[in-house]
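Trainee: Sequence plus the predicted model coming up.
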Amino acid sequence: MNIALWIIQGLLAALYLAAGGFKAFQPARAQTQMPWAKDRSLTYIRNVGLVELAGAAGIILPWVTGILPWLTPLAALGLTVVQILAIFQVHLPKKEMQVVPVNAVLGLLSLFVVLGRGLGWA
């Protein structure tokens, strides 16, 4: 189980680093390339990116270093909430059904980390 959790944590961290970095450091470009972002402010997009970057760091670093390891399941919980909000506050109201499965999978993977690290499955 520990190996599966590490693989999922690494995958989530890589995905959120890429997506969060794009939104945080190139919000104007994200605004033109992502349909949900077209009617959002650059500050909003940048803040979403910063949250994703913090989650990417939090899902790996505390557990790796052993410093405040309880932050790893908390970061994973935060990423789960981000995906729930993305589904119900952004994509479903805009009828962007094609991206909902991606959000759902990311949310479920994050929830798996919450349960695995938070409940001590591994």
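Mentor: That came through fine. Residues are numbered from 1 along each chain as shown.

Trainee: which residue packs closest to T72, ignoring adjacent ones?
Mentor: What sits nearest to T72 in space, not counting adjacent residues and going by CB to CB, 6 or more residues apart in numbering, is W63, at 4.2 Å. In short, each C-beta sits where N, CA and C put it, glycine included.

Trainee: can you tell me the helix or strand for that neighbour?
Mentor: helix 61-65 (DSSP states H and E).

Trainee: Let me see the mean pLDDT of the next helix-or-strand element following that helix.
Mentor: Moving toward the C-terminus from helix 61-65, the first helix or strand encountered (DSSP H and E) is helix 71-85. The average of the pLDDT scores along helix 71-85 is 97.

Trainee: residues in contact with the residue most central in space within the chain?
Mentor: A centroid search over the chain (CA atoms, centre = their mean) returns L79, at 4.1 Å, as the residue closest to the centre. With contacts defined as CB atoms under 8 Å, 6 or more residues apart in numbering, L79 is in contact with 12, 16, 52, 55, 59, 106-107, 110.
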